[in-house]
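Chemist: sequence and computational prediction follow.
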Amino acid sequence: MVKPRSRVYKIDATGKILGRLAVEISILLRGKNEASFQRHIDQGNTVIIKNASKLKITGKKLSQKKYFHYSGYPGGLKSKRMGELFSQNPGEVLKRATWNMLPKNKLRDKMIKRLKISN
């Protein structure tokens, strides 16, 4: 079987809505836009995002949405609001949204490594 050639997609995030951009990125990372798409094969597309700090986030998500991290120890649950995380690292917010839209299997780690984000 011949492996399809990988492509590089460049996207400018200026003025784009977070969730809609994350859907577009996950489709490209997964390779669903290719004619040779097979769900069990990683197509190998790379996505480069620039201007992640100029994303548009609708609603009250910046003040209400929380991200959680658990260390595994008692009392080790930590939370951070989306607004705090977006002000520190806007690319991380986009990466987490895309991460949750990718399939929950062995290919997800490989796919997310091909996502390059610059603020």
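Modeler: In hand now; what should we look at? Small disclaimer: the values here were computed from a predicted structure and weren't measured.

Chemist: from Asn89, how far out is the nearest residue in space to Leu77 that is not next to it in sequence?
Modeler: Closest residue to Leu77 apart from its sequence neighbours, by C-beta to C-beta, 6 or more residues apart in numbering: Tyr70 at 5.0 Å. C-beta: built from backbone N, CA, C; applies to glycine. Note on Tyr70: its distance to Asn89, by C-beta to C-beta, to the nearest Å, is 20 Å.

Chemist: and these two? which has more neighbours close in?
Modeler: Asn89 (15 against 9; other C-beta atoms under 10 Å).

Chemist: distance of the more buried one from Arg81?
Modeler: Remark: distance between Asn89 and Arg81 (C-beta to C-beta) = 13 Å.

Chemist: ok, back up a step: quick check on the residue nearest to Leu77: phi, psi?
Modeler: Dihedral pair for Tyr70: phi -120, psi 130, per degrees, to the nearest 10.

Chemist: what residues are up against the residue nearest to the spatial centre of the chain?
Modeler: The chain has Thr98 as the residue nearest its centroid, 2.5 Å off, counting by C-alpha atoms, centre = their mean. By C-beta atoms under 8 Å, 6 or more residues apart in numbering, the contact list for Thr98 reads 22, 25-26, 29, 112, 115.

Chemist: among those residues, which lie within strands?
Modeler: Leu115 (DSSP state E).

Chemist: farthest pair within the contacts of Thr98?
Modeler: Pairwise distances across those (C-beta to C-beta) peak at 11.6 Å, for the pair Ala22 and Ile112.

Chemist: and Phe37, helix, strand or coil?
Modeler: Look at Phe37: counting by DSSP: H, G, I helix; E, B strand; the rest coil, its state is coil.

Chemist: what is the neighbour count of it?
Modeler: For Phe37, the count of nearby residues is 13 (other C-beta under 10 Å).

Chemist: Pro103 versus that one, what's the distance?
Modeler: Noted for Phe37: a distance of 13 Å to Pro103, by C-beta to C-beta.

Chemist: give the residues shared as contacts by the two.
Modeler: Counting by C-beta under 8 Å, 6+ apart, the common neighbours of Phe37 and Pro103 are Arg30.
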